[in-house]
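Q: this one's sequence-less:
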């Protein structure tokens, strides 16, 4: 499948501003901007296994497209939502449990990079990953 690979973060665009909008404190934002995140994605049909490894934590997530699941961000923010495929784009819509606000994220492959985009309360950010 298209997303199956090991991906290592290469660069960020507006990521610190996005984290600020999410309520992440300055120290955690500075650290997260240099977290050396590695994502391993394994897709089988509509089922995904994702392993995220960073300087802060390692977490494994299993989800099925269109099925709601629970997830906690590295800063402890708890979310509930699901991923769907829209053409070649993986789109996730998640609701924060603490304030009910929506976080939207997408993953696409462009120029042999994984581009993960985020939107929260009008602030957009991107993280770019290279195959690793």
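A: Right, received. Where do you want to start? All of these numbers come straight from a predicted model, not from anything done at the bench.

Q: so after the helix or strand of the chain with the lowest mean pLDDT, what's the next helix or strand?
A: The helix or strand of the chain with the lowest confidence, counting by mean pLDDT, DSSP states H and E, is helix 26-32 at a mean of 85. Once the chain leaves helix 26-32, the next helix or strand it forms, by DSSP states H and E, is strand 38-44.

Q: Same question for that next one: list its buried residues.
A: For strand 38-44, the neighbour count (16 or more other C-beta atoms under 10 Å) marks 38, 39, 41, 43 as buried. For the C-beta atoms, the positions are set from N, CA and C on the backbone; glycine is no exception.

Q: pLDDT on the strand or helix carrying residue 130, on average?
A: Applying DSSP H and E as the criterion places residue 130 in strand 123-131. Mean pLDDT, computed over strand 123-131, is 98.

Q: what lines up beside it in the sheet?
A: Take DSSP bridges as the rule and strand 123-131 pairs in its sheet with strand 5-13 (antiparallel), strand 113-120 (antiparallel).

Q: What is the neighbour count of residue 131?
A: Here the number of neighbours of residue 131 (other C-beta atoms under 10 Å) works out to 11.

Q: And it, how far from residue 108?
A: Distance, residue 131 to residue 108, using C-beta to C-beta, to the nearest Å: 14 Å.

Q: try residue 86
A: According to C-beta to C-beta, residue 86 stands 10 Å off from residue 108.

Q: Neighbour count for those two, which is higher?
A: Neighbour totals were compared for residue 86 and residue 108, and residue 108 leads with 17 against 9 (other C-beta under 10 Å).

Q: related to what we said a few turns ago, format the buried residues of strand 38-44 as TSV; extra columns: distance to residue 2.
A: Output for the buried residues of strand 38-44, formatted as TSV (distance: C-beta to C-beta, whole Å):
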residue	distance to residue 2
38	18
39	14
41	9
43	8
